[in-house]
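A.B. asks: Sequence and predicted model, in that order:
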Amino acid sequence: MHTTNNRIADISPEVTGWRRWLHQNPELLFDLPKTAKYVAERLREIGVDEIHEGIAQTGMVAIIHGREKGPAIGLRADMDALPMDEESGVEHSSQTPGKMHACGHDGHTAMLLGAAKYLVETRNFAGTAVLIFQPAEEGGGGGDVMVKEGIMDRFDVKEVYGMHNAPGLPLGQFALRKGALLAAADFFDIVVTGKGGHAARPHHCKDPILAATACITGFQSIISRYTDPIENGVLSVTAITSGSTYNVIPPHAHIKGTVRALHEATRQTIADRMQDVCDGVSKMYGMEIELKYKPLYPVTFNHSDNTEFAGDHAASIVGEENVDRDCPPRMGGEDFSFMLLSRPGAMIYLGNGDTAGVHHPAYDFNDDAIPFGVEYWVKTIETRIPAQA
């Protein structure tokens, strides 16, 4: 099934070694000193033409020129880990308590390094490969920061492509879709300020827990009655904290959670209606209710022509029967969305096989997926900007 060339097969064990080092040394958000140093060292050993460090603090861009002049195509890998303990039991487990590569960014980074090694050796393309190594995908918006720091204009990127591993998708398969692939992802915090006092004298208090639960109940009608049922949305309250003992009505309550939507109009409707609910409950109960709505990542939207191209060259690697060109959208979020707002492109899923899911303490990136990912990156460049000679 896999038609990878011999050279990609030859370098895959080395790429696996890089991946496992990264897995053992996870770092968070923008604070990636060891990761960035390691990636830059590998890029220098590989012999890329240029390395531009210190973008979005610890991100970098590597440049590889082809045999002939032509446009620049961007390939992006994220580098950061998650703040959680690992329970995978693998020999290359995290060496840092409380930090773990539970989303496969170690694999993404290693595969892009593998593609760099191959592209430097062959240079069988006309133009420039712009390899983007990004920090802070996990909630920090590193993709947004890199775009705002001007990487697309600075390196004259015409198109940009992303890849993410997918547990549950069989090894040797790819999946993607035109349009919304992943949801917009936002967080919210709500502070309810009442008046505390003795629980036996509630009439002398203003109970923030009562108001908080009224807000939560009101939120349940937003998706079911105020958004188009065809245009998916999710509102999840994930924490409510208030009080500390049996016989005291506390003065404050704190609610937090997340909103996901596959359409920007739905996203805005949810945010607006949440404010309406908070305002109404505040008036009804005579308490101050402050909603802090935090927009994080927009919808990850695959451009039509680029998605068609990505599916075509994925099929050239694994066969058309192993490429799902219309996979269901997911309600997770991705800050590659900012790059797709800046330039046309597409994100694709790479099969990770029957493994624990991402963000699970037993997760580990499947090293058997490495040749597929490396070849996908290589063919993105060689097929999109082919050499004429």
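C.D. replies: In hand now; what should we look at? Numbering: from 1, shown residues only.
A.B. asks: Show me which positions of the strand or helix carrying residue 8 end up buried.
C.D. replies: Secondary structure from DSSP states H and E places residue 8 in helix 6-24. Of all the residues in helix 6-24, those buried under the rule 16 or more other CB atoms under 10 Å are 8, 11, 12, 15, 16, 18, 19, 20, 21, 22, 23, 24. To be clear about C-beta, it is placed using only N, CA and C from the backbone, and glycine gets the same treatment.
A.B. asks: can you redo the residues you listed as CSV with distance to residue 286 and pLDDT?
C.D. replies: Shown next, in CSV, are the buried residues of helix 6-24 (distance: CB to CB, whole Å; pLDDT from 0 to 100):
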residue, distance to residue 286, pLDDT
8, 67, 93
11, 68, 95
12, 65, 95
15, 62, 97
16, 62, 98
18, 60, 98
19, 57, 98
20, 59, 98
21, 58, 98
22, 54, 98
23, 53, 98
24, 55, 98
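A.B. asks: mind saving the C-alpha coords of the helix holding residue 8 as PDB?
C.D. replies: In PDB, the C-alpha atoms belonging to helix 6-24 read as follows (Å, rounded to 0.1, in the frame of the first residue of the first chain):
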ATOM      1  CA  ASN A   6      13.800   4.100  -0.500                       C
ATOM      2  CA  ARG A   7      15.400   7.300   0.800                       C
ATOM      3  CA  ILE A   8      12.400   8.200   2.900                       C
ATOM      4  CA  ALA A   9      12.400   4.700   4.300                       C
ATOM      5  CA  ASP A  10      16.100   5.000   5.100                       C
ATOM      6  CA  ILE A  11      15.800   8.300   7.000                       C
ATOM      7  CA  SER A  12      12.700   7.200   9.000                       C
ATOM      8  CA  PRO A  13      14.700   5.600  11.900                       C
ATOM      9  CA  GLU A  14      16.600   8.800  12.300                       C
ATOM     10  CA  VAL A  15      13.400  10.800  12.300                       C
ATOM     11  CA  THR A  16      12.000   8.400  14.900                       C
ATOM     12  CA  GLY A  17      15.000   9.100  17.100                       C
ATOM     13  CA  TRP A  18      14.300  12.800  16.800                       C
ATOM     14  CA  ARG A  19      10.700  12.300  17.700                       C
ATOM     15  CA  ARG A  20      11.400  10.300  20.800                       C
ATOM     16  CA  TRP A  21      13.900  12.900  22.100                       C
ATOM     17  CA  LEU A  22      11.300  15.500  21.600                       C
ATOM     18  CA  HIS A  23       8.700  13.300  23.400                       C
ATOM     19  CA  GLN A  24      11.100  12.900  26.400                       C
END
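A.B. asks: coming back round to it: could I get the buried residues of helix 6-24 in JSON lines, plus columns for distance to residue 274?
C.D. replies: Formatted as JSON lines, those follow (distance: CB to CB, whole Å):
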{"residue": "8", "distance to residue 274": "49"}
{"residue": "11", "distance to residue 274": "50"}
{"residue": "12", "distance to residue 274": "48"}
{"residue": "15", "distance to residue 274": "45"}
{"residue": "16", "distance to residue 274": "46"}
{"residue": "18", "distance to residue 274": "44"}
{"residue": "19", "distance to residue 274": "41"}
{"residue": "20", "distance to residue 274": "44"}
{"residue": "21", "distance to residue 274": "44"}
{"residue": "22", "distance to residue 274": "39"}
{"residue": "23", "distance to residue 274": "39"}
{"residue": "24", "distance to residue 274": "42"}
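A.B. asks: hey, where'd the helices end up in the stretch 101-250 of the chain?
C.D. replies: Taking DSSP state H, counting those that start in this stretch as the test, the helices found in the stretch 101-250 of the chain are 105-122, 142-148, 151-154, 208-226.
A.B. asks: Deepest-packed of those, please.
C.D. replies: Scoring these by mean neighbour count under mean count of other CB atoms under 10 Å gives helix 105-122 as the most buried, with a mean of 25.
A.B. asks: Show me what it is packed against.
C.D. replies: When contacts are defined as 3 or more CB pairs under 8 Å, 6 or more residues apart in numbering; DSSP states H and E, helix 105-122 sits against helix 6-24, helix 33-46, strand 59-65, strand 68-78, strand 126-134, strand 157-166, helix 370-384.
A.B. asks: could these be laid out in TSV, adding distance to residue 177?
C.D. replies: Listed next are those as TSV, based on distance: least, CB to CB, whole Å:
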stretch	distance to residue 177
helix 6-24	26
helix 33-46	30
strand 59-65	27
strand 68-78	18
strand 126-134	22
strand 157-166	12
helix 370-384	16
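A.B. asks: mind checking which of the ones you listed is nearest residue 341?
C.D. replies: strand 157-166 (10.3 Å; CB to CB).
A.B. asks: Quick one: residues contacting the residue sitting nearest the centre point of the chain.
C.D. replies: Centroid-nearest residue in the chain, with CA atoms, centre = their mean: residue 334, separated by 3.2 Å. For residue 334, the contacting residues are 137, 162, 164, 181, 182, 297, 300, 347, by CB atoms under 8 Å, 6 or more residues apart in numbering.
A.B. asks: Which two among the residues you listed are spaced furthest apart?
C.D. replies: Using CB to CB, the pair of those lying farthest apart is 137 and 181, separated by 14.9 Å.
A.B. asks: So between those two, which is more surrounded?
C.D. replies: For the pair residue 137 and residue 181, the greater number of neighbours falls to residue 181 (29 against 25), based on other CB atoms under 10 Å.
A.B. asks: Surely the more buried one and residue 301 touch.
C.D. replies: Yes. With contacts defined as CB atoms under 8 Å, residue 181 counts as touching residue 301 at a distance of 7.2 Å.
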